[in-house]
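1. missing the sequence, but the structure's below:
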């Protein structure tokens, strides 16, 4: 597998916010979102066997793994890596960009799927596999990155249409005013959670945190 970086930090987003985790970032992404904060993972990386990855992860003595990208599901061995991590009794969060089907990996115990559905400001909303929302279970999470009112209304329509059963997070694009999004959510009595990227609040926008 081609791996961009492996590091230990605090989970900054979603239902696992605040939990110390090992971040396992794969290389390669099929999307080019306008606000992407990991463009360095588009191509750069080193090839590692699954055993080499397991050996590296073991060094951190941490039970939570965040498998992120890039887009992890672009790599054929990602399901095998997930199964290997689960057999080692890790709790795994898979962050996926919404374009690749998650059907074959749902239902695994100790696997949380974090599905990101892109909004119009990303420029990638036309490449989403909306059926993925129907595969999500209560233990998973659905995330929308919101830049403006158009994004917000777009996300609301998707929620009304697909009625996800898992927790839903609205996250402001980094650098935009989170108060604005909070007010929209409160005004509409929307049953979602506001998510802030606390790792960036703590350390700023940089790699390896």
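-> Nice, I can see it. Fair warning: this is a prediction, and the values are worked out from it, not measured in the lab.
2. for this structure, which residue is closest to the average position?
-> residue 95 (3.0 Å; CA atoms, centre = their mean).
3. what about it, which SS state?
-> Following DSSP: H, G, I helix; E, B strand; the rest coil, the label given to residue 95 is strand.
4. so who does it touch?
-> 66, 67, 68, 69, 72, 114, 116 (CB atoms under 8 Å, 6 or more residues apart in numbering). Backbone N, C-alpha and C define where each C-beta goes, glycine included.
5. List the ones among those residues that fall in strands.
-> Taking DSSP state E, the ones among the contacts of residue 95 that sit in strands are 66, 67, 68, 114, 116.
6. Filter those residues down to the buried ones.
-> Buried by 16 or more other CB atoms under 10 Å: 66, 67, 68, 114, 116, out of the ones in strands among the contacts of residue 95.
7. Closest one to residue 56 out of the residues you listed, please.
-> Nearest to residue 56 out of those is residue 67 (CB to CB; 13.2 Å).
8. returning to what we had before: take the ones in strands among the contacts of residue 95 and lay them out in CSV including pLDDT and distance to residue 194.
-> As requested, the ones in strands among the contacts of residue 95 are arranged in CSV below (pLDDT from 0 to 100; distance: CB to CB, whole Å):
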residue, pLDDT, distance to residue 194
66, 98, 20
67, 98, 24
68, 97, 21
114, 98, 16
116, 97, 16
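9. which among those residues gets closest to residue 44?
-> Set against residue 44, the nearest of those by CB to CB is residue 68 (14.8 Å).
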